[in-house]
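J.: pasting the structure only:
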C-alpha cells in the first residue's frame, strides 16, 4: 500500500546515521535554548539557522524540526516550572502544569507533557502520511468568513476557561484583542494605540507580554506569600514519574488533543494557537469534574501538549505543499528550504519524496528523542525547583529581562514588560484570569483581518457569515458554548430566588 | 479601602472600553461595514467591552459575596519594578553587567532578610549567567560593559 512504502522511504531517510545525529543535536540545542525564560522557538531557530546552511536539505530540515520540537518542549518546561510560557502554545500548559508543580508534582507534569507529545507525534505522523493531500485542499476551502467564525469560537472557548463569571472571561479576551491591535494596521498603514512611541510601531511582542503577565506577576505573588525568607523553598517535591493512574487519566485527553490539534494545525495562522486552547476547553467540558482544572488536573497538561504537537506537525503541510507558512517559525523553515533550493508547492511530495517523507518520519523521531533526552532531565529540573526562592527569582528575572530586551534590542521592551507586570498584578488582585487575554492578543489582528475581508467580499453584508456551512457550524458551536455556561448559573439563581421567596 | 473584586473589574473594563472608543473616534477613520477603516474594529471591541463592564457592574451591585480585593504589597512590588526599570535605564549606557547587577541588587529588597555576602554571591551568579549564556553562548549583540 502506498502508505507503507512512503513511510518506509521516510524511515530510510530519517534513520540514516547522519540524520539521526542532526535530529538529536537539534533537539538538544532546541531544548537547551528553549528552556531559557523569554527565549522561544522563534528566537532559537533564528539563532541556530545558520548552522544548517552547510547541511544537505534533508539534514537541514530534520535538524530544524528537531530544534523546533526541542524549543517547544523547552517552552513547556518553563511554563510548568515557573509559570512562564516560552511561546504561545505553552500558555495553556502553564495553567494546570504550574499548579501541579506547586503541588509538588512537577516531575509528573513534565513527564506527561513529553509522553503525550510523543503519542501525538506518532499518531500525527500516520495522519499526515494518510491525509497530507486531502488536508491541504481542505485548508484551501477556508475563507475569511470561516476563519473568523473559527477564531470567534476559540475565543469563546477560552473565555469559558475562567473560574469566575463568564463575562470576565469574555472581557479579558476583548482586552487582549485591543492589546493585539496596537501597532501598525496592515491595511491602512496607520499606527493604532501607539501613543507616539516609536517602538510600538511593530506592536507588542508576545515575549514582552508573557514576561510581564506571567513571570513578573508570578514572582510578585510568590514573594508576597513570603517565599523569600531564609530556608524556604518553593515546593515540596514528590514523585518524578507519572503513576499508572496518571497515565490512564491522560490517555483520553491525549487522544482528543491529538485529534483537535491535527485538524486545526492545517489552518495557516490560527492553527497552532487555537489547538491548545481548544483542546483544553474541550477537555474541561468532557471531564466529570471540571472544577479540577486550573488547580492541577493532569488532563489539563496532556491535552494541550498533545494538541500543539499534532498541530505543529500538521502545520508543516500547508508550509510544504502550499508554500503558506503557518507561523513565524514555519516562515523561517520555508526560508531555510528555499535557501537549500527546494521550492515548496504541491509537487513537493512527488518531486522531493525522500525529503518530505524523511521529514514526516523525523517528526516522530524528534519526539522520541525528546522523551529520551528529557525524562532523565526531569529529575534535574525538579531539583532546580528546590533551590531557595531568593536564589531562584533573581535568575528568572535576569533571564526574562534579557530575553525581553533582546527582542527589540531596545529598553522599551523592558519598560513595556513592567507595565504588563503591573497590569498582571492588578488583574490578579481583581480575580481576572489572563488566559483569554493572551488568546485575544494572539488572534485579535487575524480576527479583524478576516472580518474585514469577509465584509469586503460581501459588500458590507453580514450574511456572508451564515452562508457558508462551515462558518455556521462554528458560530453555532460558539453560541452553544455560551448558552451552556449561562444556563446552569441562571437556573441556580432562580433556585436561590425561589428558596428565599 | 474595601473594593469588591467584580466591582473593581467592572470599573476597569468600562474604563478600558471607553478609552478605546474615545481614542478610535478621535483619531482613526471608522469607515463603513463595507469598507472598514482602522478605527472600526477597535471601536466595536471597545464598545462591547464597556457594555460588558456595565453589565458586570449591575450584577456585582446586586450580588452579595465577600470577594474583596486583597491588599497591595508595596514592599514586594516596588523593589521588583524599580529593579527592572533600572535594568532598562542602565543597559544601553553602562552595559549588561551593570544593568544586571543593579537589577538584582534593587530587586533583592523585595525579600525580607538578605545577608550582604549572600547578595553579592547572587549578583555575581546573575552576571556570570547573563554574560555566559546570552552573549557568549548565544552571541547576542548586547554590550557587556557599555
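T.: Sure, I can see it. Predicted model, so just to flag it, every value in this text is computed and none were measured. Numbering: from 1, shown residues only, chains lettered A, B, ... in the order given.

J.: okay, CA-based contacts and neighbour counts for the rest of this
T.: Will do.

J.: For the stretch 101-250 of chain A, which residues are neighbours of chain B?
T.: A:167-168, A:171, A:174-175, A:177-178, A:181, A:185, A:187-188, A:190, A:192-193, A:220, A:223-224, A:228-230 (C-alpha under 8 Å from any C-alpha of the partner chain).

J.: filter those to the buried ones?
T.: Among those, the ones that count as buried by 16 or more other C-alpha atoms under 10 Å in any protein chain shown are A:167-168, A:171, A:174-175, A:177-178, A:181, A:185, A:190, A:192-193, A:220, A:223-224, A:228-229.

J.: Sitting in helices, which of those residues do you find?
T.: If you go by DSSP state H, these have A:167-168, A:171, A:174-175, A:177-178, A:181, A:220, A:223-224 in helices.

J.: Name the nearest of these relative to residue B:113.
T.: residue A:223 (12.4 Å; C-alpha to C-alpha).

J.: residues touching that closest one, list them.
T.: Contacts for residue A:223 (C-alpha atoms under 8 Å, 6 or more residues apart in numbering or on different chains) come out as B:76, B:110-111.

J.: Just name the closest of those to chain A, please.
T.: residue B:111 (5.2 Å; C-alpha to the nearest C-alpha).

J.: Ramachandran coordinates for the closest one?
T.: phi -100, psi 150 (degrees, to the nearest 10).

J.: That one contacts residue B:74, doesn't it?
T.: No - in this structure, residue B:111 is not within contact of residue B:74 by C-alpha atoms under 8 Å, at 11.8 Å.

J.: Please name the nearest non-neighbouring residue to the residue of chain B at minimum distance from chain A.
T.: Nearest to chain A in chain B, going by C-alpha to the nearest C-alpha, is residue B:34, at a distance of 3.6 Å. Spatial nearest neighbour of residue B:34, chain neighbours left out: residue A:460 (3.6 Å); criterion: C-alpha to C-alpha, 6 or more residues apart in numbering or on different chains.

J.: Surely the one you found touches residue B:35?
T.: Yes - contact criterion C-alpha under 8 Å: residue A:460 and residue B:35 qualify, at 7.2 Å.

J.: List the residues that contact residue B:103.
T.: Shown in contact with residue B:103 (C-alpha under 8 Å, 6+ apart): B:82-87.

J.: Just the mean pLDDT for the helix or strand containing it, thanks.
T.: Element membership of residue B:103 [criterion: DSSP states H and E] is helix B:74-107. Helix B:74-107 carries an average pLDDT of 91.

J.: Just checking, which helix or strand succeeds that helix along the chain?
T.: Following helix B:74-107 in sequence, per DSSP H and E, is helix B:116-129.

J.: Could you name the helices and strands sitting against that next one?
T.: In this structure, helix B:116-129 packs against helix A:389-408, helix B:74-107, with contacts taken as 3 or more C-alpha pairs under 8 Å, 6 or more residues apart in numbering or on different chains; DSSP states H and E.

J.: deepest of those, which one?
T.: Of all the helices and strands packed on helix B:116-129, helix A:389-408 has the most neighbours on average by mean count of other C-alpha atoms under 10 Å in any protein chain shown, namely a mean of 23.

J.: Does anything pack onto that one? Which helices or strands?
T.: helix A:206-210, helix A:411-430, helix B:74-107, helix B:116-129.

J.: Ok, which of the ones you listed comes nearest residue A:353?
T.: Across those, residue A:353 has its closest neighbour in helix A:206-210 (36.0 Å, C-alpha to C-alpha).

J.: So which other helices or strands are in contact with the closest one?
T.: helix A:389-408, helix A:411-430.

J.: Could you dump those into a markdown table and include distance to residue A:134?
T.: Listed next are those as a markdown table, based on distance: least, C-alpha to C-alpha, whole Å:
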| stretch | distance to residue A:134 |
| --- | --- |
| helix A:389-408 | 38 |
| helix A:411-430 | 43 |
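
J.: Number of residues surrounding residue A:387?
T.: Residues lying near residue A:387 (other C-alpha atoms under 10 Å in any protein chain shown) number 16.

J.: Can you pull the phi/psi pair for it?
T.: Here is the backbone geometry of residue A:387 (degrees, to the nearest 10): phi -60, psi 140.

J.: if we can go back for a sec, relative to residue A:26, which of the helices and strands packed on helix A:206-210 is closest?
T.: Using C-alpha to C-alpha, the helices and strands packed on helix A:206-210 put helix A:389-408 closest to residue A:26, at 20.8 Å.

J.: report the angle between the axes of the closest one and helix B:74-107?
T.: 70 degrees (axes from the mean of the first three to the mean of the last three C-alpha atoms, to 10 degrees).

J.: rewinding a little: could you dump the helices and strands packed on helix A:206-210 into TSV with mean pLDDT added?
T.: Listed next are the helices and strands packed on helix A:206-210 as TSV, based on pLDDT from 0 to 100:
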stretch	mean pLDDT
helix A:389-408	83
helix A:411-430	90
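
J.: element containing the closest residue to chain B within chain A, please.
T.: In chain A, the residue that lies nearest chain B is residue A:460 (3.6 Å; C-alpha to the nearest C-alpha). Take DSSP H and E as the rule and residue A:460 turns out to sit in neither a helix nor a strand.

J.: Can you give me the neighbour number for it?
T.: 17.

J.: and what of residue A:115?
T.: Using other C-alpha under 10 Å, residue A:115 is surrounded by 24 other residues.

J.: swap in residue B:145?
T.: 13.

J.: for residue B:35, same thing?
T.: 15.

J.: Nearest residue to it in space, ignoring adjacent ones along the chain?
T.: Distances taken as C-alpha to C-alpha, 6+ apart place residue A:456 nearest to residue B:35, at 6.4 Å, with adjacent residues excluded.

J.: Nice, that's everything, thank you.
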